[in-house]
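Participant: Predicted coordinates and the sequence they were generated for:
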Amino acid sequence: MAVIAYQCLLGERPFQAESLGDLVLKICADPPPVPSSVGAVPEGFDAWFARATRRKLDERFQDVSDLVRSLVEVLTPGVEPRLSLSPSAERPAAVTAASAALEATVQVEGGGGADARAGASARPLEQGARHRPWAVGLALVLAVGVIAAVIVGVAWAL
């Protein structure tokens, strides 16, 4: 979300590179740019972007509601936000389905033995959401493989 806000305000991405490998290295190794050094941004956006892109999770915004509220405050100082970020009984069907799928995945992968797995698989997912825990594992393996290939390629070039 921070990268999207940066790009919306400044018209470019915070990290740019010729190849995917170089981009991954810049994101992982270089400090995030200071937005005001690239162009004009609202007061407080530099601090918001720095906090949103911290590498240590405990130094970032703790949830998306805090991130959005803070961004709204930076972009519209003194204006009372008119959006509701609190959970609501009237959620869109896609959000309900995604929440159910995530909850089922957490129960299956979070442990708890056969009882937790049986409970998760016995409960139908709302709105036809699909539960594919193998896809998460596959995505992680692919991501680690790409990062390892980039690191080995850079080390080999040195």
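Facilitator: Nice, I can see it.
Participant: Tell me where the protein is predicted with low confidence.
Facilitator: 80-142, 145, 148-150, 152-158 (pLDDT under 70).
Participant: Verify the contact between residue 12 and residue 35 for me.
Facilitator: No: counting by C-beta atoms under 8 Å, residue 12 sits too far from residue 35 to count as a contact (10.4 Å). From N, CA and C alone the C-beta is placed, and that goes for glycine too.
Participant: The two: which is more packed in?
Facilitator: Neighbour totals were compared for residue 12 and residue 35, and residue 35 leads with 22 against 12 (other C-beta atoms under 10 Å).
Participant: For the more buried one, give its distance to residue 151.
Facilitator: 29 Å (C-beta to C-beta, to the nearest Å).
Participant: C-terminal to whichever strand or helix holds residue 4, what's the next element?
Facilitator: Using DSSP states H and E, residue 4 sits in helix 2-10. As assigned by DSSP H and E, the chain's next helix or strand after helix 2-10 is helix 20-29.
Participant: What ranges does the protein have for its helices?
Facilitator: Assigned by DSSP state H, the helices in the chain fall at 2-10, 20-29, 45-52, 64-75, 93-109, 113-122, 133-157.
Participant: Buried residues of the first one, list them for me.
Facilitator: Spelled out, that is helix 2-10. 2, 5, 6, 9, 10 (16 or more other C-beta atoms under 10 Å).
Participant: farthest pair in those?
Facilitator: Farthest apart among the buried residues of helix 2-10 by C-beta to C-beta are 2 and 10. That separation is 12.0 Å.
Participant: how near is the closest residue to residue 12 other than its chain neighbours to residue 32?
Facilitator: With sequence-adjacent residues excluded and distances taken as C-beta to C-beta, 6 or more residues apart in numbering, residue 12 is closest to residue 38, at 7.1 Å. For residue 38, the distance to residue 32 (C-beta to C-beta) stands at 11 Å.
Participant: cool, and residue 58?
Facilitator: Taken as C-beta to C-beta, the span from residue 58 to residue 32 is 17 Å.
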